[in-house]
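In: following is a predicted model, sequence given first.
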Amino acid sequence: MSETHVPQIELRGLTKIYPIPGGEVHALSNINLTIEKGDIFGIIGMSGAGKSTLIRCLNRLDTPNDGQILIDGENILAMKKKVLLRTRRRMAMIFQQFNLLMQKNVARNVRYPLEIAGVPASKANERVMELLEIVGLADKAKAYPAQLSGGQKQRVAIARALASNPEMLLCDEATSALDPMTTQSILALLQKINQEMGITVVLITHEMAVIRQICNKVAILDGGKLVEQGSVDDVFMHTKSAAGRRLFGILPDQEETPTQSAIRIVFDGNTAAQPIISKLVKELDMEVNILSADVRQLNGKSFGQMMISRPEDPIDVKRVIEYLRQAGMTVEEVHS
């Protein structure tokens, strides 16, 4: 009989309520989600959705009112202090504002958690240089934070977070203060750490581009509630919530209604790179008018949708739809 699978992180019925004058705010309402070892798990939502509250509960900077937080099946809310401290050491945190010690140079910032843990100086120094190599800052060991760019500061923060050999890396808006190019390089570094070191990454963000670049799973929060979760591909392709539609940008807040009858084609990541429309025109020997198109990159694949005008002849409509479906597209008729 096989053993029951236990996820690395599981939230069950997580609820957090803050009292305010004259009432209360439900920052999190009955959140249930599962994060597997090795995931790069994105938690996305607009400002005030409850993302930061969730990650603060996860690392026990905040205490929920109800629910369970299970790490490898053990509820951290029921742990005694010594066990909790040991469990928290398995999680490291990086923040939007870096939180570096400005009076210490880069090497001493990275070495700080090793000093607290009582690691001998020679071993700690060796580990610091290993970590600075990993994040691409070996030549900045003696520099001070004030001499670094935002991206370099975040790399130092990541190196410091890795110093204690964590199994999980919690990132709270870790790229929000960075420009787009620097954001891409930091995300590529997190992906490398995930792949080469096997560290689970939990990424809190309000930016869809961050999720599209590196995450394999995603959960969408809206007003403290979990409205969708699943693989990035599935949620992106089949988003059902209003929050998901806003964040992913596939559909506007109001469902698009074309001014004329049309056929909507949804690309699934394997087919968008193919010249499907030009093939259709050639093989079916008919003209196609493209009304609108939105194709985006997600995990190295192309996703999106296109509206083409609906042929007048019902037989031609059937031929077009059958052709596109055989090519692996999701197709539907949309009427004006």
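Out: Cool, got the structure.
In: so who does the residue lying closest to residue 84 once chain neighbours are set aside touch?
Out: Closest residue in space to residue 84, ignoring its immediate chain neighbours: residue 76 at 6.1 Å, by C-beta to C-beta, 6 or more residues apart in numbering. Glycine gets a C-beta too; all of them are placed from N, C-alpha and C. Applying C-beta atoms under 8 Å, 6 or more residues apart in numbering to residue 76 gives the contacts 60, 69-70, 84, 87.
In: run the last query once more with 7 Å
Out: 60, 69, 84, 87 (C-beta atoms under 7 Å, 6 or more residues apart in numbering).
In: my read: the first one touches residue 89, true?
Out: No. Under the contact definition of C-beta atoms under 7 Å, residue 60 does not touch residue 89, with a separation of 11.8 Å.
In: so residue 124: helix, strand or coil?
Out: helix (DSSP: H, G, I helix; E, B strand; the rest coil).
In: can you tell me the element the closest residue to it other than its chain neighbours falls in?
Out: Nearest residue to residue 124, sequence neighbours excluded (C-beta to C-beta, 6+ apart): residue 114, at 4.1 Å. Secondary-structure element containing residue 114, defined by DSSP states H and E: helix 106-116.
In: restrict that helix to CA atoms and write it as PDB.
Out: Output of helix 106-116 as PDB, limited to C-alpha atoms (Å, rounded to 0.1, in the frame of the first residue of the first chain):
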ATOM      1  CA  VAL A 106      28.000  43.000   1.200                       C
ATOM      2  CA  ALA A 107      30.000  40.100   2.600                       C
ATOM      3  CA  ARG A 108      29.000  41.000   6.200                       C
ATOM      4  CA  ASN A 109      25.300  41.300   5.200                       C
ATOM      5  CA  VAL A 110      25.400  37.800   3.800                       C
ATOM      6  CA  ARG A 111      27.400  36.500   6.700                       C
ATOM      7  CA  TYR A 112      25.000  38.000   9.300                       C
ATOM      8  CA  PRO A 113      22.600  35.000   9.700                       C
ATOM      9  CA  LEU A 114      25.700  32.600   9.800                       C
ATOM     10  CA  GLU A 115      27.200  34.700  12.600                       C
ATOM     11  CA  ILE A 116      23.900  34.500  14.600                       C
END
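In: can you list contacts of it?
Out: Contacts for helix 106-116 (C-beta under 7 Å, 6+ apart): 100-101, 124, 127-128, 131-132, 137, 140-143, 156, 159-160, 163-164.
In: make it 8 Å
Out: Counting by C-beta under 8 Å, 6+ apart, 100-101, 104, 124-125, 127-129, 131-132, 137, 140-145, 148, 156, 159-160, 163-164 sit against helix 106-116.
In: buried subset of those as a PyMOL selection?
Out: Here is the PyMOL command that selects the buried residues among these (16 or more other C-beta atoms under 10 Å):
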select buried, resi 100+124+125+127+128+131+132+137+140+141+144+145+148+156+159+160+163+164
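In: among the contacts of helix 106-116, which are in strands?
Out: Using DSSP state E, no member of the contacts of helix 106-116 falls within strands.
In: still on that earlier bit, okay, residue 60 and residue 89: which has more neighbours?
Out: residue 60 (17 against 14; other C-beta atoms under 10 Å).
In: shouldn't that one be in contact with residue 88?
Out: Yes. Look at residue 60 against residue 88 with C-beta atoms under 8 Å: they come within range, at 6.3 Å.
In: on contacts alone, who are the packing partners of the longest helix seen in the chain?
Out: In the chain, assigned by DSSP state H, the helix with the most residues is helix 180-197. With contacts taken as 3 or more C-beta pairs under 8 Å, 6 or more residues apart in numbering; DSSP states H and E, helix 180-197 sits against strand 40-44, helix 150-162, strand 168-172, strand 200-205, helix 208-214.
In: list the buried residues for stretch 213-229?
Out: By neighbour count on 16+ other C-beta under 10 Å, the buried set for stretch 213-229 is 213-222, 224-229.
In: just the ones in strands from those residues, please.
Out: 217-222, 225-229.
In: ok, so of those residues, who is nearest residue 179?
Out: In terms of C-beta to C-beta, no member of these lies closer to residue 179 than residue 218, at 23.5 Å.
In: that closest one contacts residue 233, doesn't it?
Out: No. Contact criterion C-beta under 8 Å: residue 218 and residue 233 do not qualify, at 9.6 Å.
In: give me the common contacts of the two.
Out: By C-beta under 8 Å, 6+ apart, residue 218 and residue 233 have no common neighbours.
In: sorry, back to before: quick check: PyMOL command selecting the buried ones in the contacts of residue 76.
Out: Buried members of those, defined by 16+ other C-beta under 10 Å, are picked up in PyMOL with:
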select buried, resi 60+69+87
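In: redo the contacts of residue 76 as TSV? Include distance to residue 7, pLDDT and secondary structure.
Out: Listed next are those as TSV, based on distance: C-beta to C-beta, whole Å; pLDDT from 0 to 100; DSSP: H, G, I helix; E, B strand; the rest coil:
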residue	distance to residue 7	pLDDT	secondary structure
60	18	87	coil
69	12	95	strand
84	19	89	helix
87	15	89	helix
